[in-house]
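Undergrad: got a predicted structure here, sequence first:
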Amino acid sequence: MQKKPAVVTCPQCGKEVVWTSDSPYRPFCSERCKLIDLGQWATESYRIPQAENGAQEDH
Ligand SMILES: [Zn+2]
């Protein structure tokens, strides 16, 4: 008996996502879309770490 997997659309980009264990970020299509939805994309995950001024000047 084969069950046809459900297909949902990614709330972020609208891409179709097959609802299986192959899509760990469902209902999002990707980790990125999930992070965007969680509001972490522009804050934590995407923050570029900047060296503290003069903390480790290897020079
Ligand atoms: Zn998406």
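TA: Received it, and whenever you're ready, just let me know what you need.
Undergrad: hmm, the lowest-mean-pLDDT helix or strand in the chain in reach of the ion?
TA: One helix or strand of the chain scores below all others by mean pLDDT, DSSP states H and E: helix 31-38, with a mean of 89. Yes. Using C-beta under 5 Å from the ion, we find that helix 31-38 touches the ion at Cys33. Placement of C-beta: from N, CA and C, glycine included.
Undergrad: buried sites along that helix?
TA: Residues of helix 31-38 classed as buried by neighbour count (16 or more other C-beta atoms under 10 Å): Cys33, Lys34, Leu35, Ile36.
Undergrad: same deal with stretch 2-22?
TA: Those would be Val8, Cys10, Gln12, Val17, for stretch 2-22 by 16+ other C-beta under 10 Å.
Undergrad: contacting residues for the closest residue to Ala6 other than its chain neighbours?
TA: Nearest residue to Ala6 in three dimensions, chain neighbours excluded: Trp19, at 4.2 Å (C-beta to C-beta, 6 or more residues apart in numbering). Shown in contact with Trp19 (C-beta atoms under 8 Å, 6 or more residues apart in numbering): Pro5, Ala6, Val7, Val8, Arg26, Pro27.
Undergrad: one step back: let's see which of the buried residues of stretch 2-22 end up in strands.
TA: Per DSSP state E, strands hold the following members of those: Val8, Val17.
Undergrad: intersect the buried residues of stretch 2-22 with the contacts of the ion.
TA: Okay, of the buried residues of stretch 2-22 touching the ion (C-beta under 5 Å from the ion), that's Cys10, Gln12.
Undergrad: what about Tyr25, how many neighbours?
TA: Close neighbours of Tyr25, defined as other C-beta atoms under 10 Å, add up to 15.
Undergrad: flag every residue of this protein that's near the ion.
TA: For the chain, the residues in contact with the ion (C-beta under 5 Å from the ion) are Cys10, Gln12, Cys13, Lys15, Cys29, Cys33.
Undergrad: which residues touch the last one?
TA: Meaning Cys33. For Cys33, the contacting residues are Cys10, Pro11, Gln12, Cys13, Tyr25, by C-beta under 8 Å, 6+ apart.
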